[in-house]
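Undergrad: I'll drop the sequence and a predicted model, then ask my questions.
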Amino acid sequence: MYPYRRELNQAGFFPPLGLEFIAAVVRPHAQSLDLIDLRKEHGRTGDFLQPETDLVCFSVNWNRDWEFLAEEIRSVPKDILTIVGGRIATERPDWLLEQFPNVNAVVRGDGEEAMEEICRAVPWNQITGLSYRENGEIKHNANRTLGELRDDVYPDRSLRRQDYHVELARTNVGIRVDGISTSRGCPYNCTFCSFSKNPWGEKRRWTARSPESVVEELARMKARLVGFTDDLFTYDMDRVERICDLIIARGIRKRYFVNARLEIARRPDILKKMERAGFSMLMLGIESAHDKTLRSMHKGQDVAGIRRYCEVLRHSRMILHGYFILGCIGESIEDMRQIAPFAKEIGLDTIGLSTLRNSPYSGLDTLVADSPGYHITPSGKIYSDDCSPAELRRLRRYLHKKFYTPAQLSRILKKGIQNEALGFLPSLFLRLPLITAAAIGSGWKRFRRKARKRAAIG
């Protein structure tokens, strides 16, 4: 069960790859198996339970839609073995087991090996990374040591009940999309990021599947647009080159977007090969336009280095997407307003703006405690006395307006045509009337909500 109704409202949906990996290891032990994504279904968990159902697994990765999610978990009868996994479950196993008496166990961290052992009837006290009840007491087994990624386990895509497509204004634009996970972990130590650690605070080393395994999975996928979910796909550029060589040799024609660090500019030869293989977008963690912030983040780069690397990258045909963080400790509103002109200066095509957020073991809670005037909301967002959450939202809108000018949109269109990333335009144009109508309808609904709110205040 993927127990969420909404996710990525503006960009469409990705399949629940984590659960599809779990399904791949459970399938040999099951007479029948269903994977239900409630973002795509009208029913609820109880509607899909059968009289013979004896195992239900939930993926709990986000703290959104919590009331809905809690109802779904509680809807499973106590006589059905119920196991919860995912990032939030890993961070809060005690709370989950206390709040949901029908949950039998929580799998902490990567779940494939633990679920395979559960299905093989390994005694629970011997399964590392498992939290469970025993005689009314909550037990936490030792953390699982993470080994190399397996080349022989692919997500079980045969269980999908629907295809996954890019959506704009919640309207299907006809572009099938899929994801692939080829590595896990990150070797860097950015202060704001918890993905370089496993969910219980231990450093997670970077491990990767073989290029042959990656390309074999790509060849089997039906979608022509594929997002690499790796925290850092480009850590080993020799491996990237081998993947490109295999894609080109097998004649696989798809379009890919990946997370990368600016240091890939050191290998312009491989950048060219990535273009030939179909890589169309690099998603780069820039984070800030100021050295003081980059130093405090332990980002491992400075503004001069960013400019130097981007001078190389801007000549690539790949679309350059830059991530920036709003609300960084020590940055004024005027500092943050520099994001838009800086992004244009270094040649970025698109930008993504996120709010600084504290997560367990990131270390940001200590930094906030040592920074007078800064606070953390219950959901983990960080704000200051000088820049409230509402001001951060207004700043995001301001920066988008300043960056996405008609000239910038024209640049994106031109580059997308050059690298064939917009080879999906016919499908998009056919659905343009529906997208426009949906966008207008969505805008009208927002206008009415704000009008009612103003009237209530008045």
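TA: Nice, I can see it. Given the structure is predicted, the values throughout are model-derived calculations rather than measurements. Numbers count the residues shown, from 1 in each chain.

Undergrad: use CA for all of it now, contacts and neighbours both
TA: Will do.

Undergrad: what sits against the residue most central in space within the chain?
TA: Geometric centre of the chain, nearest residue: residue 229, 6.7 Å, by CA atoms, centre = their mean. By CA atoms under 8 Å, 6 or more residues apart in numbering, residue 229 lies in contact with 179, 180, 181, 182, 258, 259.

Undergrad: run a quick neighbour tally on the first one.
TA: Other residues lying near residue 179 total 21 when counted by other CA atoms under 10 Å.

Undergrad: the second one now?
TA: By the other CA under 10 Å criterion, the neighbourhood of residue 180 contains 19 residues.

Undergrad: and the pLDDT at residue 316?
TA: On the pLDDT scale, residue 316 is placed at 92.

Undergrad: my bad, should have said residue 72
TA: pLDDT, residue 72: 96.

Undergrad: how about the one 5 residues further on?
TA: Listed pLDDT for residue 77 reads 96.

Undergrad: now the closest residue to it other than its chain neighbours: which helix or strand?
TA: Counting by CA to CA, 6 or more residues apart in numbering, residue 77 lies nearest to residue 102, which is 6.9 Å off, once chain neighbours are set aside. Using DSSP states H and E, residue 102 is not contained in any helix or strand.

Undergrad: cool, and residue 282?
TA: Going by DSSP H and E, residue 282 is in strand 279-287.

Undergrad: now for the residue lying closest to residue 152 once chain neighbours are set aside, how many residues are close by?
TA: Once flanking residues are discounted, residue 152 sits nearest to residue 213: 7.5 Å by CA to CA, 6+ apart. A count of neighbours around residue 213, defined by other CA under 10 Å, yields 16.

Undergrad: quick one, phi psi at residue 213?
TA: In this entry, residue 213 is assigned phi and psi values of phi -70, psi -40 (degrees, to the nearest 10).

Undergrad: now swap in residue 95 and tell me
TA: phi -60, psi -40.

Undergrad: what's the pLDDT at it?
TA: Value listed for residue 95 in the pLDDT field: 91.

Undergrad: need the contact list for it.
TA: No contacts exist for residue 95 under CA under 8 Å, 6+ apart.

Undergrad: for the one 5 residues further on, same thing?
TA: Contact criterion CA under 8 Å, 6+ apart gives 73, 74 as the residues in contact with residue 100.

Undergrad: measure it to residue 35 for me?
TA: 22 Å (CA to CA, to the nearest Å).

Undergrad: before we move on, back to that, let's see the strand holding residue 282 as PDB, backbone CA atoms only.
TA: Coordinates of the C-alpha atoms in strand 279-287 are reproduced here as PDB (Å, rounded to 0.1, in the frame of the first residue of the first chain):
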ATOM      1  CA  PHE A 279      20.700  12.700 -20.800                       C
ATOM      2  CA  SER A 280      18.700  15.900 -21.100                       C
ATOM      3  CA  MET A 281      18.700  17.600 -17.700                       C
ATOM      4  CA  LEU A 282      21.300  18.000 -14.900                       C
ATOM      5  CA  MET A 283      19.800  18.900 -11.500                       C
ATOM      6  CA  LEU A 284      22.500  20.700  -9.600                       C
ATOM      7  CA  GLY A 285      22.700  21.600  -6.000                       C
ATOM      8  CA  ILE A 286      23.800  25.300  -6.000                       C
ATOM      9  CA  GLU A 287      21.900  26.100  -2.700                       C
END
